[in-house]
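Trainee: Based on what follows, work out the 3D shape:
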Amino acid sequence: MEKHPLHLKNPELQTSPEVERAVEREEWLTGESVPNDPAKRIEAYIDRLENIFLNPDERVRERNLEMFRDKIYDALIIKRDIAAEQILKDEAKAAFDRGCGRIEITEEMKNRPETQEQAEAVIRRQETSLNEWMEYLTSDDASSYDPWFKYYLWNSIIKLQSLVKIEKTDERTGERTTIAKYPERSASTLKPFPDIYRGKLSQIYDKYNLYLKGEKTDKSAKEYFQRNFAKTYAEESLDHITHASFESKEQTRGEWIKYEKGDMTGAERMIASLQNKYTDWCIEGEGVGKDKLNEGDIYIYYTYDESGNPVNPRLCIRKSGDHIAEIRGISGGKDQEVEQVFMDETGEGGGVLSNKLKEFGNEADKYNKREADMKYVTRLIKKNEKGELFTEDDLAFLYEIDSPIEGFGYQKDPRVAELRAQRNKEKDMLTIFECSKDKIAYTPDKINENTKAYVGEWNPTVLQTIKQFPSIKHLYESFPEKKIFKQSLETDPNINSPEKAEKAMIAKNLYLSDRGKDILYKTEFSHEEKTYELARFTVEQLGFPKGATIAEIIGTENDRDENGNHAPFTSGAMTKLGLELCPAEVGPHLRLQYSGGEWMLIAMKQITGYGGAPDVFRLARNGERLGLDADNARRVRRWSPGGEFVFCFRKET
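Mentor: This next block holds a predicted model:
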């Protein structure tokens with residue numbers, strides 16, 4: 001009887017409630033019994049998880065993840081009241097250790113604004129770290145992993161806190177050593193979840209597979225596979241943190257080496273060149289490295305060692321087919337930012353990246369923008385260090401007024417947050433918005449004819465107030481993090497057919513899913529320029545804190561008025577809130593003009609798509625590529641409170 005890898009890891013898994021439910025579902029769907037075999041039972045469970053979270057259809061995968069995200073948060077993220085109490089307990093213990101006496105924690109202390117803000121910050125950090133794992137395990141980076149390994153990773157890390165380093169001194173010899181561990185989580189844990197070290201995870205995956213395939217059967221391989229994941233990952237993480245810098249990092253001279261798509265001999269050379277270099281690139285692992293080279297060419301820039309040999313990997317450009325899939329560096333640890341030295345115009349490293357990108361033509365445009373953004377951040381840091389004043393343009397860039405600051409890593413460049421933290425945000429707002437303090441409203445009742453900016457709650461009722469005052473040019477739920485989506489969309493009269501819309505998307509390197517293409521070619525386009533006033537709201541902002549069906553949101557085609565007359569799409573909350581459906585052409589036109597990567601649905605009359613499904617357009621992304629997709633909007637389908645819809649509204653005249 002062949003054993004499943006997860007059965008080897010956890011023999012009790014096969015009898016767990018979640019596996020029992022998956023087996024019952026499989027038997028109900030197929031009408032056949034699942035054999036009483038641990039491997040078959042676990043496989044039924046993994047198949048179920050794979051269909052939900054690892055579905056090959058990007059659209060389905062993202063939709064399912066959004067549906068379950070709130071439940072995942074509820075199960076794994078610390079509750080606000082528990083966080084507030086634990087923060088106070090930690091503070092009280094620290095005070096007691098300093099000899100300040102014992103402090104009794106009261107409800108009043110837990111509800112203080114500053115304590116609540118600290119609790120909220122803890123929750124945000126935990127959500128962010130958990131989101132990183134969810135996105136990683138459902139991303140292209142992890143696509144080479146077997147589903148069982150993804151399950152094993154997820155089920156392991158959700159039980160762990162972030163890494164703790166412990167210094168130990170041998171009492172006999174005085175020798176100091178550093179060990180690391182990932183402590184287990186509890187309901188009162190304040191720390192975030194573990195960091196992601198992609199290179200180390202791909203190497204762990206390779207070692208597991210060598211043992212499972214019988215290619216490495218010695219005692220050490222078996223022990224490595226069977227040992228606790230927390231211990232294995234802690235040792236690998238410490239190794240990465242300790243050694244993730246090159247002795248010759250000051251060297252910037254080197255050369256690009258291209259590894260051709262599908263060349264497995266080249267893949268072996270590439271993977272070997274990355275071993276013990278601590279780049280944390282996912283292609284360090286043999287399985288992932290070969291898989292990615294099968295997708296497209298990979299270019300790596302190696303700097304020279306003392307003998308003039310190109311051996312230290314510093315930059316990586318990976319293609320997927322004809323498109324650049326990602327550009328990574330080794331700065332910022334797990335974030336894999338490109339080192340500034342390779343973006344500066346002067347010095348030995350100057351122009352290394354920009355000169356290489358010239359070979360890729362228009363395909364590199366968005367990466368050139370990222371390089372320009374990173375250079376601008378560096379200039380602002382230097383101005384800040386010299387105490388020079390920031391111009392209005394500098395502030396508009398720093399606070400991302402016109403476009404987001406983009407880097408090459410997985411996360412936002414931390415230097416942006418550091419710069420903002422050193423500034424007076426309220427004072428900067430006056431410069432950016434070109435107004436005095438009294439012209440910024442923080443609540444709807446403070447809005448008047450002199451208001452130039454609004455920073456506060458957002459919902460359709462607020463929109464009705466906002467649209468009466470055309471003097472308001474800046475809208476935020478919170479500044480600068482949550483900019484409110486409200487804009488005029490002017491269609492391009494030259495894009496007046498599905499064929500021209502598709503051609504325009506190809507020219508801008510936007511992907512068009514098969515499902516999106518299906519309803520695009522059933523969309524009616526205007527032959528003259530149109531202007532649509534658009535606003536975006538979450539389902540919760542529409543008045544549904546627990547989610548809602550599409551019928552509850554927009555109504556149905558068969559709606560009737562109070563006199564029994566046919567009145568399509570009037571029974572939903574949309575009509576009561578003063579919102580309107582968008583013409584279908586808003587979807588492709590907005591995708592062509594809007595550079596944001598958020599997933600959002602167009603509130604529109606459904607178009608019959610695949611298999612007779614009533615579909616609507618959905619702005620989406622596939623990895624780093626923006627795209628246009630479609631989603632099933634059958635009348636009984638429920639949307640989560642965080643789901644976002646774009647509506648039309650009438651502008652005040």
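
Trainee: OK, contacts around S273?
Mentor: Listed by CB atoms under 8 Å, 6 or more residues apart in numbering, the contact set of S273 reads I300, Y302, V311, P313. Yep, even glycine has a C-beta here, placed from its N, CA and C like the rest.

Trainee: Of all pairs in those, which one is the farthest apart?
Mentor: Within the contacts of S273, two members stand farthest from each other by CB to CB: I300 and V311, at 10.9 Å.

Trainee: So for those two, which residue has more residues nearby?
Mentor: Neighbours per residue (other CB atoms under 10 Å) separate I300 from V311, with I300 holding more: 24 against 15.

Trainee: In a strand, the more buried one, correct?
Mentor: Yes - counting by DSSP: H, G, I helix; E, B strand; the rest coil, I300 falls inside a strand.

Trainee: circling back to that earlier point, out of the contacts of S273, which is nearest to G262?
Mentor: G262 lies nearest to I300 out of those, by CB to CB, at 16.8 Å.

Trainee: Let me know whether that closest one touches R318 as I believe.
Mentor: No - taking contacts as CB atoms under 8 Å, I300 lies outside contact range of R318: 9.2 Å.

Trainee: Could you report the neighbour count for G308?
Mentor: 9.

Trainee: Quick one: residues contacting it.
Mentor: Contacts of G308 by CB under 8 Å, 6+ apart: none found.

Trainee: where's it relative to Y302, distance?
Mentor: 11 Å (CB to CB, to the nearest Å).

Trainee: again, but for V164
Mentor: Distance, V164 to Y302, by CB to CB: 34 Å.

Trainee: okay, these two: which has more neighbours?
Mentor: Y302 (18 against 12).

Trainee: what's near enough to touch K446?
Mentor: K446 touches nothing, counting by CB under 8 Å, 6+ apart.

Trainee: just the one 4 residues further on next, same as before
Mentor: With contact taken as CB under 8 Å, 6+ apart, N450 is in contact with D438, K439, S471.

Trainee: how about a cut-off of 6 Å?
Mentor: K439 (CB atoms under 6 Å, 6 or more residues apart in numbering).

Trainee: do the same with the one 4 residues further on
Mentor: Taking CB under 6 Å, 6+ apart as the criterion, Y454 is in contact with A441, I472, L475.

Trainee: The last one falls within a strand, correct?
Mentor: In this case it means L475. Yes - the assignment for L475 is a strand, going by three-state DSSP.

Trainee: how close does it get to M574?
Mentor: Distance, L475 to M574, using CB to CB: 20 Å.

Trainee: Between the two, which is the more surrounded one?
Mentor: Remark: of L475 and M574, M574 carries more neighbours, 24 against 21, as counted by other CB under 10 Å.

Trainee: Run the chain-centre distance for the longest strand anywhere in the chain.
Mentor: Once the chain is assigned using DSSP state E, the strand that runs over the most residues is strand 310-320. Distance of strand 310-320 from its chain centroid, counting by CA atoms, centre = their mean, to the nearest Å, is 23 Å.

Trainee: Can you list the strands that that strand pairs with?
Mentor: Here strand 310-320 has these sheet partners by DSSP bridges: strand 298-304 (antiparallel), strand 323-328 (antiparallel).

Trainee: got the CA coordinates for the last one in PDB?
Mentor: In this case it means strand 323-328. What follows is strand 323-328, C-alpha atoms only, in PDB (Å, rounded to 0.1, in the frame of the first residue of the first chain):
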ATOM      1  CA  HIS A 323       6.600  38.500 -21.600                       C
ATOM      2  CA  ILE A 324       8.800  39.500 -18.700                       C
ATOM      3  CA  ALA A 325       7.300  37.700 -15.700                       C
ATOM      4  CA  GLU A 326       9.500  39.300 -13.100                       C
ATOM      5  CA  ILE A 327      12.700  41.200 -12.300                       C
ATOM      6  CA  ARG A 328      14.400  40.400  -9.000                       C
END
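
Trainee: name the element N155 belongs to?
Mentor: helix 147-157 (DSSP states H and E).

Trainee: now I432
Mentor: Per DSSP H and E: I432 is located in helix 425-433.

Trainee: what about that helix, average pLDDT?
Mentor: Computed over helix 425-433, the mean pLDDT rounds to 94.

Trainee: which of the residues in the longest helix along the chain are buried?
Mentor: Longest helix in the chain by number of residues (criterion: DSSP state H): helix 113-137. Buried positions in helix 113-137, judged by neighbour count with 16 or more other CB atoms under 10 Å: 115-116, 118-119, 122-123, 125-127, 129-130, 132-133, 136-137.

Trainee: just stretch 269-282 next, same as before
Mentor: Neighbour-count burial for stretch 269-282 [16+ other CB under 10 Å]: M270, I271, S273, L274, K277, Y278, T279, D280, W281, C282.

Trainee: For the residue lying closest to D141 once chain neighbours are set aside, give its distance to K71.
Mentor: Sequence neighbours aside, C282 is the residue nearest to D141 in space, at 4.8 Å (criterion: CB to CB, 6 or more residues apart in numbering). Separation of C282 from K71 (CB to CB): 28 Å.

Trainee: who's in contact with I550?
Mentor: A633, R635, R637.

Trainee: at 10 Å what do you get?
Mentor: Residues near I550 by CB atoms under 10 Å, 6 or more residues apart in numbering: 539, 556, 572, 601, 603, 606, 614, 616, 631-639, 643, 645.

Trainee: Tell me where the model's unsure across the stretch 551-653 of the chain.
Mentor: 622-624, 653 (pLDDT under 70).

Trainee: where along it do the helices fall?
Mentor: Using DSSP state H, counting those that start in this stretch, the helices found in the stretch 551-653 of the chain span residues 573-576, 586-593.

Trainee: Report how many residues lie close to the closest residue to N312 other than its chain neighbours.
Mentor: The spatially closest residue to N312, leaving aside those adjacent along the chain, is T303, at 4.6 Å (CB to CB, 6+ apart). Close neighbours of T303, defined as other CB under 10 Å, add up to 24.

Trainee: Can you tell me how far T303 is from V311?
Mentor: Taken as CB to CB, the span from T303 to V311 is 8 Å.

Trainee: Hmm, R80 and A121 touching each other?
Mentor: No - counting by CB atoms under 10 Å, A121 stays clear of R80, with 11.1 Å between them.
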